[in-house]
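*Asks:* Kindly return the folded structure for what I paste below:
(one chain, ligands or ions: 2)
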Amino acid sequence: MDGKRQTSETAKRAEELREEIRHHEHLYYVLDAPVISDRDFDKLMNELKRIEAEHPELVTADSPTQRVGGKPAEGFRKVAHSRPMLSLDNAYSEEELRDWDRRVHELAGNLPVEYTCELKMDGLSIALHYEGTPDGGARLARGLTRGDGQIGEDVTSNVRTIRSVPLSITPARMKKAGVPESFEVRGETVMPEKAFEQMNKEREAQGLTPAVNPRNAAAGTLRTIDPNIVAQRRLDVYAYFLLSGGAYLEIGQEATLDALTALGFRVNPHRGKVHTVEQMMKFIADAEKKRATLGYDIDGVVIKVDAQATQNRLGYTGKAPRWAIAYKFSAEQALTQLKGILITTGRTGKLTPTAQLAPVFVGGVTIRQATLHNADWIERMGLMIGDWVKVERAGDVIPKVAAIVEDAEHPRGTEKFVYPTKCPVCKQDVVREEGEADYRCVNVDCPAVLHGALEHWGSRGVMNIEGLGEVSAAQLLEKGLVRSVADLYTLKLEDLMSLERWGEKSSRTLLEEIERSKGAGLARVLMGLGIRFVGERTAEAIAQEFGSMDDIVSASAEELERVEEVGPRISHAIVDFFARPANRELVEHLKAVGVKMTAEKKKRSSELAGMTIVLTGTLPNLSREEAKAMIEAAGGKVAGSVSKKTSYVVAGEEAGSKLDKARELGVTVLDEAGLRKLIEERS
Ligand SMILES: NC(=O)c1ccc[n+]([C@@H]2O[C@H](COP(=O)([O-])OP(=O)(O)OC[C@H]3O[C@@H](n4cnc5c(N)ncnc54)[C@H](O)[C@@H]3O)[C@@H](O)[C@H]2O)c1
Ligand SMILES: [Zn+2]
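*Replies:* Ligands and ions are numbered 1, 2, ... in the order given. I've put the predicted structure just below:
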């Protein structure tokens, strides 16, 4: 009994970790706005990996340990990759490298083991597809982001503005490199430091919050809708892989880098061939020395087994090749003095302390501010203004205060810091609940909270309202046009046109976008409310279980926990949220303005269990993804090709060869209505 209980608690912890990781992945990969450092993120991931290693039965197919994070963002065409774009396993120490090297040798058997060392550029990966031209050259046909690793976003028009990406390649270069007429280059998109500083200067001048680091800035830029903006940002691409027809060229890593150079791509000149871990460590130490002067961010060194045959033998784990590893640099530290603590209010009302520091040079940049953990940490450590602190940058550009230092040359500060009892923005009393590390502003009318709430509501992956962002949210609040997200739905054209720089066209578009968002669905609304720990998957699971907002609002913690994804921490966050009258009012208000608050309940039985369904053509109402989700929710499987085992083919307009095949094999063909009926009839 006890053992069972423990397992179920472990299972809940695993699910909580998954939800938290997904939440951060969403912030990081989709919204380009991480709120925790990479180190802290990796810690969560490692805890989950550990649990899953000890309890293999708890591994789920969609666990973040099994696939690369980040759904392709809305607004771009989604295109499947020729082969998955993977992540890399990490090593943080020489010992971990030794373990890896040992495993490589074991698995390689009698095949050669040589390694190529490259810098790990801190950007985002990109796939560039080239197609042969009649004269024997090639031209850039498509550029895709990694997306979720399987499906990327088509960002071709943006990629075309990047100067280090050749738009066409001459026959002479093709010949020299010895590549097939159609090929694919994979590499890293980075924003050079200079471009990053320039961009942040401009953002600050416009009253926008600066981007946290070049990686995020590059990711955001690559997914900007306007290629002109991308062109101004001066991104760069460094190439490191070469494929054709979804397979790596059979030439090994070193020869790949040479071929890429011959083709005219930018290839990072800092690379080396090594055989031993000692040599790897030497390369790593050299890279760390160069780090500050490169002009772009690197966060480690990538070591790859060179020979193609050996790579093939080693193969892949869930989401990374076994033949490569990313050695991540350890934190860079410096000592400086704490001058003060600035308190700001975030979207959730959380008061965040930021250390104001005497300027200090860490890892190539001068920092004046650093993250402080929370009120609890400040109290526990007895932090004083004037203290000497160790600041570090670990795997990202957000520096943090890691420790207080005290010795003969660095005496403790003397000025006690008193945490404010009022919100710095709305001046209302703040609260700190039992066992909480932070203070919060719980005033629902607090402008800081409202600003964050509006921005969150409009963001991709939530209500997806193009045009409702940081700036427009601030404008709407300043003018007093909205006092909650529900007020968005009663905005009038004149209201928007009264805002600075808003013309009739953009105002109309925003109104249409707002109107359209009414139908986003219960799960999106639930996410949009910004309840702590309620990310995309949890919101979807709850929406499907309860079917309506009213039932969720009145659900008890136990009822909520019946949803597989929901543990006590999540259920209490939800119950607490709806216990506040202001939040229930907001829900009523949203309902009154016509925001859809219902969802189709999950069918309990598995109507389509054991069935395999193939989709082809364009259905009248359902997108491919929606149809797939519907079939899977009913327990069916969706397959890519028709065989004798196919139960049904669902065909829409412009169905192709799959339909012919179905007829040939005598498989029953349904249309969209037929599919819906099939699911209903059987439930
Ligand atoms: N802070 C957060 O909230 C948050 C959220 C999600 C992920 N992350 C961070 O993102 C990282 C996970 O991202 P990831 O999957 O991109 O893994 P990764 O960054 O650890 O390594 C894989 C990537 O390295 C890149 N790369 C750079 N140089 C390369 C080279 N020479 N050869 C091959 N690849 C090269 C490629 O883009 C590849 O996809 C983790 O370090 C994690 O901490 C942080
Ligand atoms: Zn406030």
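
*Asks:* contacts for the biggest helix by length in the chain?
*Replies:* Counting by DSSP state H, the longest helix found in the chain is helix 2-25. With contacts defined as C-beta atoms under 8 Å, 6 or more residues apart in numbering, helix 2-25 is touched by 34-36, 41, 44-45, 47-48, 51-52, 55, 58, 60, 63-64, 69-70, 533, 535-538, 564-570. Every C-beta, even on glycine, is put in place using the N, C-alpha and C of the backbone.

*Asks:* CA atoms only: put the helix or strand that that helix is followed by into CSV for me.
*Replies:* Next along the chain after helix 2-25, taking DSSP states H and E as the criterion, comes helix 38-54. Backbone C-alpha positions of helix 38-54 (Å, rounded to 0.1, in the frame of the first residue of the first chain) are rendered in CSV as follows:
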residue,chain,number,x,y,z
ASP,A,38,19.2,27.3,-18.6
ARG,A,39,21.0,25.8,-15.6
ASP,A,40,17.7,25.8,-13.6
PHE,A,41,15.9,24.4,-16.6
ASP,A,42,18.4,21.6,-17.0
LYS,A,43,18.0,20.8,-13.3
LEU,A,44,14.2,20.2,-13.8
MET,A,45,15.0,18.1,-16.9
ASN,A,46,17.6,16.1,-15.0
GLU,A,47,15.2,15.4,-12.1
LEU,A,48,12.6,14.1,-14.6
LYS,A,49,15.2,12.0,-16.4
ARG,A,50,16.2,10.5,-13.1
ILE,A,51,12.6,9.6,-12.2
GLU,A,52,12.0,8.1,-15.6
ALA,A,53,15.2,6.1,-15.4
GLU,A,54,14.2,4.6,-12.1
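
*Asks:* Check which residues of stretch 568-583 are buried.
*Replies:* Ile570, Ser571, Ala573, Ile574, Val575, Phe577, Phe578, Asn583 (16 or more other C-beta atoms under 10 Å).

*Asks:* I figured the first one hits Asp576, correct?
*Replies:* No - contact between Ile570 and Asp576 fails when scored by C-beta atoms under 8 Å: they sit 10.9 Å apart.

*Asks:* Ignoring the adjacent residues along the chain, who's closest to Thr156?
*Replies:* Gly143 (4.8 Å; C-beta to C-beta, 6 or more residues apart in numbering).

*Asks:* other SSEs contacting the helix or strand hosting the one you found?
*Replies:* For Gly143, the host element (DSSP H and E) is strand 138-145. The contact analysis (3 or more C-beta pairs under 8 Å, 6 or more residues apart in numbering; DSSP states H and E) places strand 138-145 against strand 124-132, strand 151-153, helix 156-159, strand 168-169.

*Asks:* try it again with 6 Å
*Replies:* Under the contact definition 3 or more C-beta pairs under 6 Å, 6 or more residues apart in numbering; DSSP states H and E, strand 138-145 sits against strand 124-132, strand 151-153, helix 156-159.

*Asks:* anything in that strand near ligand 1?
*Replies:* No - remark: strand 138-145 sits outside contact range of ligand 1, by C-beta under 6 Å from any ligand atom, the gap being at least 10.2 Å.

*Asks:* Could you list the alpha-carbon positions for that strand in PDB?
*Replies:* The C-alpha trace of strand 138-145 is given here as PDB (Å, rounded to 0.1, in the frame of the first residue of the first chain):
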ATOM      1  CA  ALA A 138      21.700  25.100 -56.900                       C
ATOM      2  CA  ARG A 139      19.400  27.700 -55.400                       C
ATOM      3  CA  LEU A 140      17.900  28.200 -51.900                       C
ATOM      4  CA  ALA A 141      14.400  26.700 -52.000                       C
ATOM      5  CA  ARG A 142      13.400  26.700 -48.300                       C
ATOM      6  CA  GLY A 143      14.500  27.600 -44.800                       C
ATOM      7  CA  LEU A 144      12.900  25.800 -41.800                       C
ATOM      8  CA  THR A 145      13.300  26.300 -38.100                       C
END
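
*Asks:* still on that earlier bit, let me have the buried residues of stretch 568-583 in CSV, extended by pLDDT and distance to ligand 1.
*Replies:* CSV is the format used below for these (pLDDT from 0 to 100; distance: C-beta to the nearest ligand atom, whole Å):
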residue, pLDDT, distance to ligand 1
Ile570, 88, 19
Ser571, 92, 24
Ala573, 90, 19
Ile574, 94, 23
Val575, 95, 27
Phe577, 91, 23
Phe578, 94, 28
Asn583, 90, 27
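
*Asks:* From those residues, pick the one nearest ligand 2.
*Replies:* Ranked by distance to ligand 2 (C-beta to the ion), the buried residues of stretch 568-583 are led by Asn583 at 15.7 Å.

*Asks:* Give the buried residues for the strand holding Gly143.
*Replies:* Ala138, Leu140, Arg142, Gly143, Leu144, Thr145.

*Asks:* Go through those residues and say which is closest to ligand 2.
*Replies:* Thr145 (37.0 Å).

*Asks:* Hmm, Thr156 and that closest one touching each other?
*Replies:* No - using C-beta atoms under 6 Å, Thr145 is not in contact with Thr156, being 10.7 Å away.

*Asks:* tell me the pLDDT at the residue of the chain most remote from its centre?
*Replies:* Farthest-out residue of the chain from its mean C-alpha position, per C-alpha atoms, centre = their mean: Ala408, at 45.1 Å. pLDDT for Ala408: 91.

*Asks:* who's in contact with it?
*Replies:* If you count contacts by C-beta atoms under 6 Å, 6 or more residues apart in numbering, Ala408 has none.

*Asks:* Ramachandran angles for it?
*Replies:* Here is the backbone geometry of Ala408 (degrees, to the nearest 10): phi -60, psi -40.

*Asks:* which residues of the stretch 101-250 of the chain score low on pLDDT?
*Replies:* 205-209 (pLDDT under 70).

*Asks:* What residues does it have near ligand 1?
*Replies:* Residues of the stretch 101-250 of the chain lying close to ligand 1 by C-beta under 6 Å from any ligand atom are Glu118, Lys120, Met121, Ser125, Glu188, Tyr240.

*Asks:* For the residues you listed, work out which two are farthest apart.
*Replies:* Glu118 and Ser125 (13.3 Å; C-beta to C-beta).

*Asks:* can you give me the helices for the stretch 351-500 of the chain?
*Replies:* Along the stretch 351-500 of the chain, the stretches classed as helices by DSSP state H, counting those that start in this stretch are 375-381, 447-458, 470-478, 493-497.

*Asks:* Which of the ones you listed sits closest to ligand 2?
*Replies:* helix 447-458 (5.5 Å).

*Asks:* quick one: contacts of that closest one?
*Replies:* 345, 347, 349, 425, 463, 465, 468, 470, 473, 477, 485, 528, 530.

*Asks:* Next, count neighbours for Asn312.
*Replies:* Number of residues near Asn312 (other C-beta atoms under 10 Å) recorded here: 14.

*Asks:* For the protein, which residues are neighbours of ligand 1?
*Replies:* 24-25, 27-28, 34, 36-38, 41-42, 68-69, 87-88, 90, 118, 120-121, 125, 188, 240, 302, 326.

*Asks:* how does this structure divide into domains?
*Replies:* Under the assignment automatic domain parsing, the domains of the chain span 2-58, 78-328, 332-431, 447-517, 522-592, 612-682.

*Asks:* Now render those as JSON lines, adding distance to ligand 2.
*Replies:* Converted to JSON lines, the domains of the chain look like this (distance: least, C-beta to the ion, whole Å):
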{"stretch": "domain 2-58", "distance to ligand 2": "19"}
{"stretch": "domain 78-328", "distance to ligand 2": "18"}
{"stretch": "domain 332-431", "distance to ligand 2": "3"}
{"stretch": "domain 447-517", "distance to ligand 2": "6"}
{"stretch": "domain 522-592", "distance to ligand 2": "13"}
{"stretch": "domain 612-682", "distance to ligand 2": "39"}
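
*Asks:* for this structure, what are the low-confidence residue spans?
*Replies:* Ranges of the chain meeting pLDDT under 70: 1-6, 32-33, 69-73, 205-209, 363-364, 394-397, 603-606, 681-683.

*Asks:* longest strand anywhere in it?
*Replies:* Counting by DSSP state E, the longest strand found in the chain is strand 332-345.
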